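*Asks:* sequence and predicted structure, then a few things I'm wondering about:
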Amino acid sequence: MAVAGLVVMVIVVLALLAGVHRYLWRRLVGDTTAEGSAMRRAGTVAAYVLPLLSVGALVSGRAGAPFWLQRVLAWPGYLWLAAVLYLTLALLVGEAVRPVLRRVLARRAGRPDDADTASADGVNDAGPASRANDADRSNPAADTPGAGTSAAPATLVAEAPAPPRPDAPSRRLFVARAVGGAAAVAGLGTVGLGTYGVLRGPGVKRITVPLAKLPRSAHGFRIAVVSDIHLGPILGRAHTQRIVDTINRTQPDLVAVVGDLVDGTVADLGPAAEPLARLKARHGNFFVTGNHEYYSGAAQWVDRVKELGLHPLENDRVEIDGFDLAGVNDIAGESEGQGPDFARALGDRDRTRAAVLLAHQPVVIHDAVAHGVDLQLSGHTHGGQLWPGNFIADLANPTGAGLDRYGDTQLYVSRGAGAWGPPVRVGAPSDITVVELASLRA
């Protein structure tokens, strides 16, 4: 039954994608180009090739394709997925503009005082009879009795059909090109700006979180939280170096890498992760797994980050000056018997001490509350990454991004420092968050 459900879902998704691409082809190619033209042929080829590249980008990693092939497919394939979203949204807005623009153009073409239209038509508003009378008045022979032979030209002029006005198809073509062009500029421009936002690296966000159990000695302790770096066929070593440089400039007391570091194997992405060895923090650098680690060989990556100087917290905790720092595996590890174990990480601790928990997904917040955690630091959501994905992130998670409170436990969710799939962010800029802990004790 599970296999049958998966097959049905795949068929539905493919049908939806086919329908969307058909709509894009019609509005951007079919309605705006001449049949048989080079532009139409090029647009039609792109309508078939680009979605195939997107499918290739999505499945090549899971299928074990060579890493060079994954990189070749990733850029055009993933960028086209983002372009499909924003081109479709822009064209849907254009559907509301299209009839209004047609009415405006039709009304303008029908004005009696529209000199340009009258000149182009060669027709005035008096009609054929008036034109015949004008012709008679301009022909002196027509007023002479017995000059019947000279009346023929006037009769021929009066009966000649009027040249047609500019027809509706020409207006429809103009409207189609105007709306399609504006949608292309808006959609592709949005993707371009969103790509630039990812490639320039994350910004720094700073928040202060008061903890009732935190002693005065730990007041002002700063944790640099970074999640969802997503090293892969697009984001590589340079991306890691930008993140490391940004974190080191904040001079944190501790660095917390909260899952989804990679989208690929150690063999392919080991060199891309090497700059992590240059992270600097007085109390060390810590790591917990995210769901994507379990798609990429979690055990191998845990060993690799150890070599780079990070301390993996696999359902474990350490005592930091003034509080306990705990970490749990991601829930995706349950398929390998390596899921989160809160009892092991937190069960026997001294609850008079403040506890900070690193957990990739916000959905485990209720387990954190049950185990007396004061602050949970998470990622996973990307803040939605691509608007309107933020609404989906809010529905699928207790908190989509930012700081929230659940009973006596506070939850902070980072939007992440990278991007999954399309290297594009719209309405959800990437960040590294410096969380400053504040003591409430006098």
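*Replies:* Great, that's in hand.
*Asks:* the stretch 51-200 of the chain: helices as residue ranges?
*Replies:* Secondary structure of the stretch 51-200 of the chain (DSSP state H, counting those that start in this stretch): helices located at 67-109, 115-121, 127-137, 152-159, 168-199.
*Asks:* and those helices as CSV, adding distance to residue 48 and mean neighbour count?
*Replies:* All C-beta atoms are positioned from the backbone trio N, CA, C, and that covers glycine. CSV is the format used below for these (distance: least, C-beta to C-beta, whole Å; neighbours: other C-beta atoms under 10 Å):
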stretch, distance to residue 48, mean neighbour count
helix 67-109, 12, 17
helix 115-121, 40, 12
helix 127-137, 52, 14
helix 152-159, 53, 13
helix 168-199, 19, 17
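*Asks:* for the closest residue to residue 87 other than its chain neighbours, give me its contacts.
*Replies:* With sequence-adjacent residues excluded and distances taken as C-beta to C-beta, 6 or more residues apart in numbering, residue 87 is closest to residue 187, at 3.8 Å. With contact set as C-beta atoms under 8 Å, 6 or more residues apart in numbering, residue 187 has these partners: 83, 86-91.
*Asks:* a markdown table for the residues you listed, including pLDDT?
*Replies:* Below are these laid out as a markdown table (pLDDT from 0 to 100):
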| residue | pLDDT |
| --- | --- |
| 83 | 98 |
| 86 | 98 |
| 87 | 98 |
| 88 | 97 |
| 89 | 97 |
| 90 | 97 |
| 91 | 97 |
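*Asks:* tell me how many other residues crowd residue 10.
*Replies:* Using other C-beta atoms under 10 Å, residue 10 has 10 neighbouring residues.
*Asks:* which SSE is it in?
*Replies:* If you go by DSSP states H and E, residue 10 is part of helix 2-25.
*Asks:* cool, and residue 438?
*Replies:* According to DSSP H and E, residue 438 maps onto strand 431-439.
*Asks:* phi, psi for the spatially most central residue of the chain please.
*Replies:* Centroid check for the chain by C-alpha atoms, centre = their mean gives residue 386 as the closest residue, at 2.8 Å. Per-residue torsions, residue 386: phi -120, psi 110 (degrees, to the nearest 10).
*Asks:* in the stretch 151-300 of the chain, which spans are strands?
*Replies:* Using DSSP state E, counting those that start in this stretch, the strands of the stretch 151-300 of the chain run over 203-211, 222-226, 254-258, 285-288.
*Asks:* buried ones in the first one?
*Replies:* What that stands for is strand 203-211. 205, 209, 211 (16 or more other C-beta atoms under 10 Å).
*Asks:* confidence score at the first one?
*Replies:* What it means is residue 205. We note a pLDDT of 97 for residue 205 in this prediction.
*Asks:* residue contacts, it?
*Replies:* Contacts of residue 205 (C-beta under 8 Å, 6+ apart): 431-434.
*Asks:* quick check: beta-bridge partners of it?
*Replies:* Assessed by DSSP bridges, residue 205 has beta-bridge partners residue 433.
*Asks:* next one: the second one
*Replies:* Beta-bridge pairing of residue 209, defined through DSSP bridges, involves residue 437.
*Asks:* how much space between it and residue 328?
*Replies:* Here the criterion is C-beta to C-beta, to the nearest Å. By it, residue 209 lies 19 Å from residue 328.
*Asks:* which stretches of this structure have low pLDDT?
*Replies:* Applying pLDDT under 70 to the chain picks out residues 1-2, 6, 111-169, 442.
*Asks:* repeat the analysis, applying 90 as the threshold.
*Replies:* 1-14, 17, 61-64, 102-172, 321, 335-336, 347-348, 441-442 (pLDDT under 90).
*Asks:* can you classify residue 340 as helix, strand or coil?
*Replies:* Following DSSP: H, G, I helix; E, B strand; the rest coil, residue 340 is assigned to coil.
*Asks:* the residue nearest to it when sequence neighbours are not counted: what's it in contact with?
*Replies:* Sequence neighbours aside, residue 328 is the residue nearest to residue 340 in space, at 3.8 Å (criterion: C-beta to C-beta, 6+ apart). Residue 328 makes contacts with 288, 313, 315, 340-342, 345, 357-359, 364, as judged by C-beta under 8 Å, 6+ apart.
*Asks:* if you set the cut-off to 7 Å instead, what comes out?
*Replies:* By C-beta atoms under 7 Å, 6 or more residues apart in numbering, the contact list for residue 328 reads 288, 315, 340-342, 345, 359, 364.
*Asks:* residue 401: which of the residues you listed is nearest?
*Replies:* Checking these against residue 401 with C-beta to C-beta, the nearest one is residue 359 at 15.5 Å.
*Asks:* ok, the closest one touching residue 378?
*Replies:* Yes - Residue 359 lies in contact with residue 378 (C-beta atoms under 7 Å); the separation is 5.5 Å.
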